[in-house]
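>>> Have a look at this prediction, sequence included:
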Amino acid sequence: MGLHYSHHKHCLTHHQSPININTRTAKYNPSLKPLKFSYDPKTAKRIVNVGHCFNVEFEDICDKSVLSEGPLDGHYRLCQFHFHWGSSDRDGSEHNIDGHLYPAELHIVHWNSKKYTSFAEAAKHPDGVAVVGVFLKLGNTNPALQSIIENLDKVKTKGKACPFTEFHLNGLLPEDLNYWTYMGSLTTKPYFECVTWIILQEAITVSSQQLEQFRRLQCTSENENPSFILENHRPVQPLDHRVVYSSCP
Ligand SMILES: COc1ccc(N2C[C@H](O)c3cc(S(N)(=O)=O)sc3S2(=O)=O)cc1
Ligand SMILES: [Zn+2]
């Protein structure tokens with residue numbers, strides 16, 4: 001359930017995601033380390049249309065592609081990345097920055113393979129999952145995105161998958177790796193409160209035409225009347241008594 005009993009208020013609090021990040025009340029935490037991304041391009045495996053979005057899956061049988069340092073203890077194994085978008089370029093991101101929405105948001109999902117033996121096990125613990133969020137802002141065509149988008153016609157309908165190997169995920173990271181971090185949840189079912197969120201402060205670019213391609217994915221399977229994944233971002237949730245920390249002052 002992820003309900004926490006906060007004694008002073010005698011009520012139950014949720015630690016759900018996404019949230020609006022108030023950059024003025026975020027607290028600089030000098031003990032936060034720089035993020036360390038160690039991704040092996042050969043661990044990319046396939047693209048899958050899961051109905052509410054598409055996942056780019058990586059083989060997670062060993063710690064070949066890991067995220068470490070930053071706010072994390074130990075290392076977290078890369079398992080997949082996916083995007084959230086809106087029905088127009090005016091919204092689409094899940095997290096907001098001072099009330100500002102971006103047209104899309106990338107989530108790079110990792111699980112604590114040092115402490116737990118599987119993703120499903122890790123997802124039951126507050127320190128089980130680490131998701132790096134990267135905002136997409138409107139701009140020039142993003143070449144790293146293009147290599148994904150040109151495969152989307154092979155996974156048009158729900159349940160379809162296609163091979164996708166040799167992908168340089170670093171190409172989807174901005175130059176500046178400063179971040180905000182807070183404890184939250186998955187933003188889709190099962191909404192487990194198992195995520196250390198790491199939201200990068202610098203956005204990467206996406207073109208309007210590339211976003212259009214996301215919206216052509218179908219949430220229906222091939223033998224159903226087609227309907228499209230026009231948007232898949234969850235509304236922001238109450239911060240309650242949580243503090244958002246910043247890696248820089
Ligand atoms: C058994 O428990 C499970 C726990 C999680 C999942 N996943 C599917 C979810 O859609 C989901 C949502 C994520 S987000 N938007 O980054 O918060 S990450 C993620 S997932 O791929 O890990 C499957 C089983
Ligand atoms: Zn997500």
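Everything's here; your move. The shown structure was predicted, so the numbers you read here are calculated from the model rather than taken from an experiment. Ligands and ions are numbered 1, 2, ... in the order given.

>>> So which residues on the protein come close to ligand 1?
80, 107, 109, 120, 123, 131, 186-188, 190, 192 (Cβ under 6 Å from any ligand atom). In this view, the C-beta of every residue, glycine as well, is placed from N, C-alpha and C.

>>> buried subset of these?
Neighbour counting with 16 or more other Cβ atoms under 10 Å marks 80, 107, 109, 123, 131, 186-187, 192 as buried within these.

>>> can I get the residues you listed in JSON lines with distance to Gly171?
Rendered in JSON lines, the data for those read as follows (distance: Cβ to Cβ, whole Å):
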{"residue": "Gln80", "distance to Gly171": "17"}
{"residue": "His107", "distance to Gly171": "16"}
{"residue": "Val109", "distance to Gly171": "18"}
{"residue": "Ala123", "distance to Gly171": "28"}
{"residue": "Val131", "distance to Gly171": "19"}
{"residue": "Leu186", "distance to Gly171": "25"}
{"residue": "Thr187", "distance to Gly171": "24"}
{"residue": "Phe192", "distance to Gly171": "30"}
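
>>> now, among these, which is nearest to Lys137?
Within those, the smallest distance to Lys137 is 16.2 Å, found for His107 (Cβ to Cβ).

>>> so which strand or helix has the closest one?
Assigned by DSSP states H and E, His107 falls within strand 104-111.

>>> That strand - contacts with which helices or strands?
Helices and strands touching strand 104-111, by 3 or more Cβ pairs under 8 Å, 6 or more residues apart in numbering; DSSP states H and E, are strand 66-69, strand 75-85, strand 129-138.

>>> Would you format these as a markdown table with mean pLDDT included?
Converted to a markdown table, these look like this (pLDDT from 0 to 100):
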| stretch | mean pLDDT |
| --- | --- |
| strand 66-69 | 98 |
| strand 75-85 | 98 |
| strand 129-138 | 98 |
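
>>> In CSV: those, plus distance to Tyr102.
CSV is the format used below for these (distance: least, Cβ to Cβ, whole Å):
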stretch, distance to Tyr102
strand 66-69, 22
strand 75-85, 10
strand 129-138, 4
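
>>> quick one, which of the ones you listed is nearest to Asn49?
Once those are compared by Cβ to Cβ, strand 75-85 is nearest, at 10.6 Å.

>>> For whatever helix or strand comes next after that closest one, give me every contacting residue.
Where DSSP H and E defines the elements, the next helix or strand beyond strand 75-85 is strand 96-97. Residues from elsewhere that reach strand 96-97 (Cβ atoms under 8 Å, 6 or more residues apart in numbering): 18-21, 23, 135, 236.
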